[in-house]
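Peer 1: Mind looking at a prediction? Sequence and model below.
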Amino acid sequence: MKYQLGLAAVGTLMLAACATNGLRAQSDHDPAQDFSRYRTYAWIADEPLVTPRGQPVEVSPLNRQRIVSAVESELTGKGFRKTNEPASADFVVSYTVGARDRLDVASYPTVYGGPWRWGYPYFGPEVDVRMYTEGTLSIDIFDGHSHQPVWHGWGSKRLTERDIKRAAELIPPAVRQILGAFPPGSARVTAAK
């Protein structure tokens, strides 16, 4: 039986995936890119949440703003300066949230000895199937001049009902963990004047 969440709950769940407790954050980047020249950034669009075509994701406006604020706070803390003009920014930023149902299947032997059998007990397979929702928050950075993707960071986590209620406090540390690897090779940049 497939467990389905309502779209509003999925949006909250996806964002709640940001909890650093259990969050697995990773990143990838273009090794040919010179990140040391980056000083300014802008959002890729007025609405930087990227959604698949024809599949609108319902993420509450509050959680969208929480993600935007957390990303801006982290980038400012690293010495980058925000501009409202994507055309003049050194890099532009977007983000994506997602959730999918996953199955965790485990098989292990169970001791089974019936009264009709003498000797060693029978070890038969026991299968344990658990369904859960995994949420992901991804942050993408594109070069402002070439418009090419140069950095991708993401974090994923098994979601709980508790995460839904705590999204506001879980988003900032998750964004911090995901952006911890940006820019590659350096934790901080010199603040632009």
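Peer 2: Ah, there it is.
Peer 1: next structured bit after the lengthiest helix in the chain?
Peer 2: What stands out as the longest helix in the chain, according to DSSP state H, is helix 61-77. Of the helices and strands lying after helix 61-77 in sequence (DSSP states H and E), the nearest is strand 81-82.
Peer 1: Can you report phi and psi for the residue nearest the centre of the chain?
Peer 2: When the chain is reduced to its mean C-alpha position, the nearest residue by C-alpha atoms, centre = their mean turns out to be L137, at 2.0 Å. Dihedral angles phi and psi of L137 (degrees, to the nearest 10) take the values phi -120, psi 130.
Peer 1: Same check on G144?
Peer 2: Dihedral angles phi and psi of G144 (degrees, to the nearest 10) take the values phi -70, psi -20.
Peer 1: Count the neighbours of it for me.
Peer 2: When neighbours are counted by other C-beta atoms under 10 Å, G144 registers 21. C-betas here are computed from N, CA, C, even on glycine.
Peer 1: Find the nearest non-adjacent residue to it, please.
Peer 2: Nearest in space to G144, with sequence neighbours left out and distances taken as C-beta to C-beta, 6 or more residues apart in numbering, is A89 at 4.4 Å.
Peer 1: wait, what's in contact with the one you found?
Peer 2: Counting by C-beta atoms under 8 Å, 6 or more residues apart in numbering, A89 touches 40-42, 83, 144.
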